[in-house]
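*Asks:* Sequence and predicted structure are below.
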Amino acid sequence: MVTPDDVAYIAKLANIPVSDEEKQQFAQAFAETLTVIEELRELDNDGILPTHQVTGLKNVWREDVIDKEKMFSQQEALANTDKTYQGFFVVSRVLEEKDV
Amino acid sequence: MSKLNTLTLQQTLTGLKQKEFSLAELYQATLEAIDEKNKELNIYLTLNNEALKKAEKSSNLPLMGVPIAVKDNFCTQDLRTTASSKILNEFVPQFESTVTKKLLEAGGVILGKTNLDAWAHGSSTETSDYGRTLNPRNTDHLPGGSSGGSAAAVAADFCTIAIGSETAGSLRQPAAWCGAVALKPTYGRVSRYGVAAMASSTDSPGPIAKTVEDAAIMLNFLAGFDSNDATTSSQPVPDFTAQLGKSLKGIKIGVLYQDIAGLEMVNEQLEKQLSVFKDLGAIVGKTPALNPRYAISVYTVVQRGEVSSNLARYDGIRYGSNRSHFGAEAKRRQMLGTYTLSTGYAGKYYELAQRIRTLFIEDLNHLFEKYDVLIAPTSPGFAKKIGVTKRAAMFGELEDMLLEPSSLAGLPGINVPYYRDPETNLFLGLNFITPMWQEALAVQVADAFEKNTNWNTWRSKS
């Protein structure tokens, strides 16, 4: 059972704005999808290890050196946003002033 | 001679080499087709105005400046890249994806960027924020997806060859619906760097082409280790065209999914084609396999989980609009992924799905002890009618069911047409699966089938 309140909480975790109508819709869609997923329990998976990736590669490292070809100039880095201030990105406020 | 835009890659390269026609003539024919039909079909979201100029500068390189359609989830420097989401409506990448970089270095030209389901979340190209693409074979129908724009670009001869990406079906299913060829490489064979990430553990870029040979030629340029994608393999890259034309004598082909409900029509048509392989000396046997219905659930959990992580980066700070602009499907997928990965549920859903994934891998490994190649219909049916996605939440997963087991295992596969309905002009596609890193074998068998049947519209013309 997934409630609209559950959806609101997940939406907060996922940083996705949802309307009240969407909360209802998503709760129903989630419940339906989870029912389909439950079918996996029909298969015997005792002692089976999970597969997270298929290449078998492990701990792929690279030399800790600077590759200038991969670097953006400040101008290039800022090219895809209008929200800049004196050559910096403008971000949302995450700290608020509070009366002590 | 046929119109130049209808030539295969191989024919185009030969014609250019022998100076039977010029690049200017090739581009003129291609752009005329686009001018005439792109408005209706909605295949290209962005066209590259510099294409012919760039082509003429590339004429001495292996790909000789041929026009290539690229799915709009590949970052292309100075050419808008949207992933068919309005979030990226204004995004002009400052860098080149590895795949498009390799294309350009080989002398390919990006003619334009093609439509997809927004963020590649779908199997119809109906869920794009820029409107649906229509199937060029029959415009009452969808092209499939998510690389529907690239498959349609090939079917409409809007390009010589196209590039797409697949997570579980997104190359092969639209190719099947559009009567084209698609080659999904082994996971890790082709770099994901610069592709708008969907499911990192299965995303595989690859070609959509007019013939099997064309797809193999193109994969030669795309494959190989990339220091920008730590999941690419340093396995040696063979010549994927090397086994073309070799005899199928003694090759063991296993036919899957004969007993699955709902596949009666596609299996009946396939039955009529099996003699083609036998006549070529292959040994054909039908075999049971783990029911692909379970792969729908595994894929749904794995893909949503990886989506929730990958789409977290779209914060609207450095590029793109803010997160309120996500469409309903992207919201739904990210949130379901967040839920199944959250404390208390990760074991119940995510770990369970990854264990069943192991069962699929073991099942396929077991089948490859008996068979060299596995075949099955690519899709449970013909291209669906426009509007169908509005009614079905699990639409894409059902359409991709037959591709999900091998995709979750990272295996390569190739789709070729194996039937055309004379009334609707719609196609069915046949999928050839081989063990990891054995694309060349899939190419060999698929090419033999293509050349010994008349289903490929580009070959049967010549």
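*Replies:* Received, thanks.

*Asks:* contacting residues for the residue lying closest to residue B:403 once chain neighbours are set aside?
*Replies:* Among residues not flanking residue B:403 along the chain, residue B:169 sits closest, at 4.0 Å (Cβ to Cβ, 6 or more residues apart in numbering or on different chains). Yep, even glycine has a C-beta here, placed from its N, CA and C like the rest. For residue B:169, the contacting residues are B:123, B:378-379, B:396, B:399-400, B:403-404, B:407, by Cβ atoms under 8 Å, 6 or more residues apart in numbering or on different chains.

*Asks:* Please apply the same query to residue B:417.
*Replies:* Contacts of residue B:417 were listed using Cβ under 8 Å, 6+ apart, and they are B:176, B:179-181, B:427-430, B:455-457.

*Asks:* tell me the centre residue of chain A?
*Replies:* Among the residues of chain A, the one closest to the centroid is residue A:14, at 6.1 Å (Cα atoms, centre = their mean).

*Asks:* three-state assignment of the nearest residue to that one once chain neighbours are set aside?
*Replies:* The shortest distance from residue A:14 to any residue other than its chain neighbours is 4.2 Å, reached at residue B:338 (Cβ to Cβ, 6+ apart). Classification of residue B:338 into helix, strand or coil gives helix, according to DSSP: H, G, I helix; E, B strand; the rest coil.

*Asks:* and residue B:45, that's in a strand?
*Replies:* Yes: counting by three-state DSSP, residue B:45 is found in a strand.

*Asks:* Read off the pLDDT value for it.
*Replies:* Residue B:45 carries a pLDDT value of 98.

*Asks:* thinking again about what came up before, among the contacts of residue B:417, which lie within strands?
*Replies:* Secondary structure from DSSP state E places B:181, B:427-430 of the contacts of residue B:417 in strands.

*Asks:* Max pairwise distance over those: which two?
*Replies:* With distances taken as Cβ to Cβ, the most widely separated pair in these is B:181 and B:428, at 13.4 Å.

*Asks:* Please identify which of these two sits among more neighbours.
*Replies:* When neighbours are counted by other Cβ atoms under 10 Å in any protein chain shown, residue B:181 and residue B:428 differ, and residue B:181 comes out ahead with 33 against 26.

*Asks:* Please name the nearest non-neighbouring residue to the more buried one.
*Replies:* Beyond its immediate neighbours in the sequence, the residue positioned closest to residue B:181 (Cβ to Cβ, 6+ apart) is residue B:209, lying 4.8 Å away.

*Asks:* Hmm, the one you found is touching residue B:162, no?
*Replies:* Yes: Residue B:209 lies in contact with residue B:162 (Cβ atoms under 8 Å); the separation is 7.3 Å.

*Asks:* Helix or strand for residue B:374, just tell me which one.
*Replies:* strand B:373-377 (DSSP states H and E).

*Asks:* And for that strand, what's in contact with it?
*Replies:* Identification of contacts with strand B:373-377 by Cβ under 8 Å, 6+ apart yields B:251-257, B:263, B:266-267, B:270, B:289, B:364, B:367-368, B:402, B:406, B:418, B:428-434, B:441-442, B:445.

*Asks:* cutoff 6 Å now
*Replies:* Residues from elsewhere that reach strand B:373-377, judged by Cβ atoms under 6 Å, 6 or more residues apart in numbering or on different chains: B:253-257, B:266, B:270, B:402, B:431-434, B:445.

*Asks:* which other helices and strands contact the least confident helix or strand in chain A by mean pLDDT?
*Replies:* Of all the helices and strands that make up chain A, the one with the lowest confidence by mean pLDDT, DSSP states H and E is helix A:20-38; it has a mean of 89. Contacts defined by 3 or more Cβ pairs under 6 Å, 6 or more residues apart in numbering or on different chains; DSSP states H and E place helix A:20-38 against helix A:4-13, helix B:293-310.

*Asks:* Count residues in the vicinity of whichever residue of the stretch 201-350 of chain B sits closest to chain A, would you?
*Replies:* Here the residue of the stretch 201-350 of chain B nearest chain A is residue B:319; by Cβ to the nearest Cβ that distance is 3.5 Å. Applying the criterion other Cβ under 10 Å, we find 21 residues in the vicinity of residue B:319.

*Asks:* try the one 5 residues further on
*Replies:* The tally of other residues near residue B:324 (other Cβ under 10 Å) stands at 11.

*Asks:* show me what contacts it?
*Replies:* Residue B:324 is in contact with residue A:17, counting by Cβ under 6 Å, 6+ apart.

*Asks:* SS state for it?
*Replies:* Three-state call for residue B:324 (three-state DSSP): helix.

*Asks:* Likewise for residue B:169?
*Replies:* Look at residue B:169: counting by three-state DSSP, its state is coil.

*Asks:* For it, give me phi and psi.
*Replies:* Summarising the backbone geometry of residue B:169 under the convention degrees, to the nearest 10, its torsions are phi 110, psi -10.

*Asks:* Over to residue B:3?
*Replies:* Main-chain torsions, residue B:3, degrees, to the nearest 10: phi -60, psi 140.

*Asks:* Check the gap between the nearest residue to it once chain neighbours are set aside and residue B:19 for me.
*Replies:* Counting by Cβ to Cβ, 6+ apart, residue B:29 is the residue found nearest to residue B:3 once chain neighbours are left out, at 5.2 Å. Distance of residue B:29 to residue B:19, computed by Cβ to Cβ, to the nearest Å: 16 Å.

*Asks:* cool, and residue B:276?
*Replies:* Counting by Cβ to Cβ, the separation of residue B:276 from residue B:19 is 37 Å.

*Asks:* circling back: in CSV: the helices and strands packed on helix A:20-38, plus mean neighbour count, distance to residue B:346 and mean pLDDT.
*Replies:* CSV is the format used below for those (neighbours: other Cβ atoms under 10 Å in any protein chain shown; distance: least, Cβ to Cβ, whole Å; pLDDT from 0 to 100):
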stretch, mean neighbour count, distance to residue B:346, mean pLDDT
helix A:4-13, 16, 13, 94
helix B:293-310, 24, 9, 94
